[in-house]
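*Asks:* Okay, structure incoming, though there's no sequence with it:
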């Protein structure tokens with residue numbers, strides 16, 4: 001099964017002072033390595049779709065070995081009309097459109113520990129889980145402001161949104177329809193205060209709405225409580241843990257050390273290279 005990671009750096013540069021060098025923190029680098037290497041071991045090929053600053057960064061760090069499908073700088077020409085602060089995940093949708101079906105779209109902080117092929121192959125669409133319609137995150141159309149027309153009326157607002165940290169697409173026509181519609185919304189949007197509502201509408205709410213329009217069932221691999229239950233060993237998603245780590249240095253350090261230990265156990269040659277990076281070396285120190 002072919003998968004892709006994506007990295008669009010324009011949101012980074014929009015949030016940092018002019019002249020800041022692009023960089024990725026240790027926890028993100030370690031989870032990216034695990035996500036790519038475990039995918040290759042269990043499922044198949046994986047490619048990094050990114051822009052030139054990200055490509056240069058990975059190659060400078062000599063991390064291009066992580067993706068057997070290579071690093072492809074396909075995100076340099078994203079429409080400048082798309083606000084990178086509000087729509088920080090726009091690169092993910094551009095990458096999906098460029099990569100095409102069939103594929104798995106995989107976040108760099110998401111790890112798949114087992115073979116998914118038998119689970120996904122019967123479905124035209126699959127996501128890791130659906131989400132509840134929480135009004136502060138998934139409001140109705142009246143809260144989403146646009147400066148040019150976008151047709152909200154044809155959408156079924158009762159459909160539960162989908163989390164796309166992992167998403168399977170087997171239908172090329174649907175990829176085109178979904179990404180074009182999402183990008184049309186991003187160009188039309190006039191975000192005011194709550195940027196999150198705009199981004200998750202474009203990425204996570206439109207997908208099941210458009211799938212329902214086209215009569216495509218969306219398979220949910222599990223419900224959210226199961227994903228974070230102690231008993232499941234299929235998936236690890238770091239997203240919910242990131243804020244906790246940002247607020248607790250000891251927890252951050254322990255997490256990075258745990259990732260390093262897993263890499264050293266499962267992928268010793270990759271771990272040896274990662275340990276040579278100054279930003280990661282202390283996590284691989286056996287002492």
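*Replies:* Done, it's in. Small disclaimer: the values here were computed from a predicted structure and weren't measured.

*Asks:* Do a quick rundown of the helices in the protein.
*Replies:* With DSSP state H applied, the chain shows helices at 10-15, 26-42, 52-60, 90-99, 117-120, 172-188, 195-200, 206-213, 224-227, 239-246, 249-266, 268-274, listed in chain order.

*Asks:* and residue 75, which of those helices is closest to it?
*Replies:* The minimum distance between residue 75 and the helices of the chain falls on helix 90-99, with 4.8 Å, by Cβ to Cβ. Where C-beta positions appear, they are placed from N, C-alpha and C, glycine not excepted.

*Asks:* by how many degrees do that closest one and helix 206-213 diverge?
*Replies:* Orientation note: helix 90-99 sits at an angle of 50 degrees relative to helix 206-213 (axes from the mean of the first three to the mean of the last three Cα atoms, to 10 degrees).

*Asks:* thinking residue 32 is in contact with residue 6, fair?
*Replies:* No. Using Cβ atoms under 8 Å, residue 32 makes no contact with residue 6, being 11.1 Å away.

*Asks:* and for those two, which residues touch both?
*Replies:* Common neighbours of residue 32 and residue 6, counting by Cβ atoms under 8 Å, 6 or more residues apart in numbering, are absent.

*Asks:* These two: who's more crowded?
*Replies:* A direct count of neighbours by other Cβ atoms under 10 Å for residue 32 and residue 6 places residue 6 higher, at 27 against 22.

*Asks:* Leaving out chain neighbours, which residue sits closest to the more buried one?
*Replies:* Among residues not flanking residue 6 along the chain, residue 95 sits closest, at 3.9 Å (Cβ to Cβ, 6 or more residues apart in numbering).

*Asks:* Identify the residues contacting the one you found.
*Replies:* Listed by Cβ under 8 Å, 6+ apart, the contact set of residue 95 reads 4, 6, 8, 49, 50, 74, 75, 105.

*Asks:* Pull up the gap between the nearest residue to the last one once chain neighbours are set aside and residue 90, please.
*Replies:* Across the structure, with Cβ to Cβ, 6+ apart as the measure, the residue nearest residue 105 apart from its sequence neighbours is residue 167 (4.6 Å). Here residue 167 is placed at a distance of 15 Å from residue 90 (Cβ to Cβ, to the nearest Å).

*Asks:* And for residue 114?
*Replies:* For residue 114, the distance to residue 90 - Cβ to Cβ - is 31 Å.

*Asks:* These two: which is more packed in?
*Replies:* The neighbour count for residue 114 versus residue 90, taken as other Cβ under 10 Å, is higher for residue 90 (26 against 11).

*Asks:* shouldn't that one be in contact with residue 14?
*Replies:* No. Using Cβ under 8 Å, residue 90 is not in contact with residue 14, being 11.7 Å away.

*Asks:* shared neighbours, these two?
*Replies:* Both residue 90 and residue 14 are contacted by residue 84, under the criterion Cβ under 8 Å, 6+ apart.

*Asks:* sorry, back to before: and which of the contacts of residue 95 is nearest to residue 133?
*Replies:* residue 105 (22.4 Å).

*Asks:* So what sits opposite the closest one in the bridge?
*Replies:* Using DSSP bridges, the bridge partners assigned to residue 105 are residue 4, residue 167.

*Asks:* Wait, it touches residue 3, no?
*Replies:* Yes. Counting by Cβ under 8 Å, residue 3 is a contact partner of residue 105 at 7.4 Å.

*Asks:* Can you give me the pLDDT of the residue nearest to residue 105?
*Replies:* Looking at residue 167, its pLDDT stands at 98.

*Asks:* Sketch out the low-pLDDT regions of the stretch 101-250 of the chain for me.
*Replies:* Along the stretch 101-250 of the chain, segments meeting pLDDT under 70 span 192-193, 239-241.

*Asks:* Tell me which residues are up against stretch 208-225.
*Replies:* In contact with stretch 208-225 (Cβ under 8 Å, 6+ apart) are residues 119-120, 122-131, 154-157, 159-163, 166, 168, 171, 174, 177-178, 181, 207, 232, 234-235.

*Asks:* List only buried entries from these.
*Replies:* With burial judged by 16 or more other Cβ atoms under 10 Å, the buried subset of those is 120, 123-131, 155, 159-163, 166, 168, 171, 174, 177-178, 181, 207, 235.

*Asks:* Was I right to think residue 111 contacts residue 233?
*Replies:* No. Between residue 111 and residue 233 there is no contact, the gap being 10.8 Å when judged by Cβ under 8 Å.

*Asks:* Compare these two (neighbour count), which wins?
*Replies:* Between residue 111 and residue 233, counting by other Cβ under 10 Å, residue 111 is the more crowded of the two (24 against 8).
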